[in-house]
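Trainee: Just to be clear, the model below is a prediction. Sequence and coordinates:
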Amino acid sequence: MTVVLAACGGSTGKGGGSPSASVAPGGTGSSASAGQHNRADVAFAQGMIPHHRQAIDMADMAAEQASSGEVKALAAKIKKEQALEIDTMAAWLKSWGEQVPQGMSSMSGIGHGNPSAMPGMMSSHDMDQLKGASGKAFDTMFLNMMIKHHEGAVEMADAEKKQGAYGPAKAMAGDIVAGQSAEIAQMRAMLGGGSPSAGSS
């Protein structure tokens, strides 16, 4: 169970994770080892994987286009944490005999195959606008978009906490709610010219 939490990271400071973190959920055997799963667990993983992939795409843009060191550091932190979570969720889906989403499309009912229909997802137009921005304009656009994106992830994770049955998935959902809520507060402080204490970890 601790391996899964290490993979989640969030703002809890556990985000370092060992390489085994992304393998353990599937490699430790059947889903019964951590409790049975239900359709809500499948929908959570199949929806959150493409949601996280879009956040990573945005973070990759920040590495090249942001002017603020704080924005670049936050983007790198988001990419690291969410890549680990994608690996973990993909391992769950494989162990359950479910399809792992490719690209930005959800396999589940969340979004019905339309990425922008998932909570907090950016449209292709939004992503094109971000790609075309640079400097301080990029920083502001990135922070505003990532706040919306995180709010969507928190909404999806809240649903998993209420409806899911698989212990590790519910634990990850709790970490997403806590970690991304903290990052939302950090990004709002950055937009307001504040100096948030939560740096890259």
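Mentor: Thanks, I have the structure now.
Trainee: switch to C-alpha atoms for all contacts and neighbour counts from now on
Mentor: Fine.
Trainee: Show me where this protein dips below the pLDDT cut-off.
Mentor: 1-34, 104-117, 194-201 (pLDDT under 70).
Trainee: If we use 80, what do you get?
Mentor: 1-35, 103-117, 193-201 (pLDDT under 80).
Trainee: Report the central residue of it.
Mentor: residue 52 (4.0 Å; Cα atoms, centre = their mean).
Trainee: which residue packs closest to that one, ignoring adjacent ones?
Mentor: Take residue 52 and drop its neighbours on the chain: the residue closest to it by Cα to Cα, 6 or more residues apart in numbering is residue 82, 5.9 Å away.
Trainee: Could you tell me which residues make contact with that neighbour?
Mentor: By Cα atoms under 8 Å, 6 or more residues apart in numbering, the residues touching residue 82 are 8, 52, 53, 55, 56.
Trainee: quick one on the thing from earlier: surely the residue nearest to the centre of the chain is within a helix?
Mentor: Yes. Counting by DSSP: H, G, I helix; E, B strand; the rest coil, residue 52 is located in a helix.
Trainee: pretty sure it is touching residue 86, no?
Mentor: Yes. In this structure, residue 52 is within contact of residue 86 by Cα atoms under 8 Å, at 7.0 Å.
Trainee: okay, now residue 179: neighbour count?
Mentor: 21 (other Cα atoms under 10 Å).
Trainee: One more: the one 5 residues further on?
Mentor: Applying other Cα under 10 Å, we find 19 other residues in the vicinity of residue 184.
Trainee: in the strand or helix carrying it, what's buried?
Mentor: For residue 184, the element it lies in under DSSP states H and E is helix 167-191. Residues of helix 167-191 classed as buried: 167-184, 186-188, 190 (neighbour count, 16 or more other Cα atoms under 10 Å).
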